[in-house]
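*Asks:* here is my input, please return the structure:
(one chain, ligands or ions: 2)
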Amino acid sequence: MELNQEAILKAGKIAQQVRAYSKTLVKPGVLLLEIAEKIEAKIEELGGKPAFPVNLSMNEIAAHSTPTYNDVQTAKGLLKVDFGVHIDGWVADTAETFNLDTNPLHQKLIDTAKEALKQALTNITPTTPLGSIGKKVNDTATHAGFQPIHNLSGHSITQHDLHAGLTIPNYDTGQSQPIGEGLCAIEPFMTSGVGRVREGRPSTIYSIAKEGNVRDPLAREILAFIEAHYRTLPFCARWLYKKFGTRALLALQRLEQAGILYQYPQLIEESGAPVAQAEHTILITKTKTIITTG
Ligand code: MN
Ligand code: MN
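*Replies:* Numbering: from 1, shown residues only. Ligands and ions are numbered 1, 2, ... in the order given. As a prediction, the model looks like this:
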């Protein structure tokens with residue numbers, strides 16, 4: 001598929017501005033709901049759309065946590081802020097981790113995740129083997145006395161498709177397969193635990209799993225809205241609650257039961273240890289590799 005380089009770079013530029021903005025916003029004690037909504041509003045204000053709900057995952061929750069519409073949790077601990085911007089379906093996906101207490105282990109996890117990302121991003125060309133990127137992440141982890149999360153990985157991105165098929169590992173898989181040209185997100189996760197995640201509670205983040213029809217008029221109306229506004233990108237109950245009120249929650253339940261929607265589970269470090277993440281999106285071309293989000 002032809003890449004829309006202009007849209008890709010514009011989404012990346014907006015993501016850079018939103019990252020800077022998020023640093024002014026993420027403070028201990030601030031409502032997670034306020035952080036998520038302000039980040040999503042800033043993305044729109046700058047001319048983009050959220051590519052997925054802002055993920056605010058705390059401590060041992062590695063990913064797939066977004067505030068509910070009536071969330072009362074406040075920011076604390078080791079907080080990962082992972083958000084995406086899209087322009088016409090072309091996504092910039094980026095994350096960083098905030099240390100909201102004085103725990104030195106948390107800071108070391110953050111520094112190691114950032115260093116692993118920096119190492120992984122060094123000298124990427126279309127011929128770079130996937131295994132060698134994972135090796136850099138793993139080497140950085142073990143040097144610091146940590147583990148990468150083995151069953152979380154980076155991913156290729158195509159238009160309206162956040163996880164487009166290619167997996168970019170966070171450990172040495174031995175794969176000689178080259179990364180190739182195109183758009184990719186690289187995202188090392190670091191932990192002091194065993195280095196795997198398990199599925200936790202439902203996240204209220206969904207995406208369309210398969211085409212299908214429902215008889216229920218309410219579910220039908222909500223599905224039409226989802227198809228028109230989010231297409232195949234993830235969305236959350238909070239967004240639909242804002243538009244349709246509590247009846248959206250019932251419709252989501254029906255659509256999930258019918259197998260039309262998939263609800264992502266939260267992903268939790270298996271041993272309950274804290275997790276830090278760092279992520280950038282890159283555009284790999286024959287002649288150069290651009291970090292669109294950094
Ligand atoms: Mn991300
Ligand atoms: Mn990603």
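
*Asks:* can you give me the neighbour number for Ser176?
*Replies:* By the measure other C-beta atoms under 10 Å, the count of residues near Ser176 is 9. C-beta here means a position set from N, CA and C on the backbone, and glycine is covered the same way.

*Asks:* hmm, it is touching Gly131, no?
*Replies:* Yes. Between Ser176 and Gly131 there is a contact under C-beta atoms under 8 Å: 6.5 Å.

*Asks:* how near is Gln16 to Ser192?
*Replies:* Distance, Gln16 to Ser192, by C-beta to C-beta, to the nearest Å: 30 Å.

*Asks:* comparing these two, which residue is more hemmed in?
*Replies:* Each of Gln16 and Ser192 has its neighbours counted (other C-beta under 10 Å); Ser192 has more, 20 against 16.

*Asks:* does that one really touch Leu109, like I thought?
*Replies:* Yes. Counting by C-beta under 8 Å, Ser192 does reach Leu109; the two are 6.7 Å apart.

*Asks:* can you list residues touching both of these two?
*Replies:* Jointly contacting Ser192 and Leu109 under the rule C-beta atoms under 8 Å, 6 or more residues apart in numbering are 146, 274.

*Asks:* next, the buried residues of the longest helix along the chain.
*Replies:* In the chain, with assignment by DSSP state H, the single longest helix is helix 5-25. Neighbour counts over helix 5-25 (16 or more other C-beta atoms under 10 Å) mark 7-16, 18-19, 21-22, 25 as buried.

*Asks:* same thing with stretch 217-232?
*Replies:* Applying 16+ other C-beta under 10 Å to stretch 217-232 flags 219, 222-223, 225-226, 230 as buried.

*Asks:* same deal with stretch 123-135?
*Replies:* With burial defined by 16+ other C-beta under 10 Å, the residues of stretch 123-135 counted as buried are 124, 128-130, 132-135.

*Asks:* please identify which of those is nearest to ligand 1.
*Replies:* In terms of C-beta to the ion, no member of those lies closer to ligand 1 than Ile133, at 16.5 Å.

*Asks:* for the closest one, which non-adjacent residue is closest in space?
*Replies:* Spatial nearest neighbour of Ile133, excluding adjacent residues (C-beta to C-beta, 6 or more residues apart in numbering): Ala120 at 5.1 Å.
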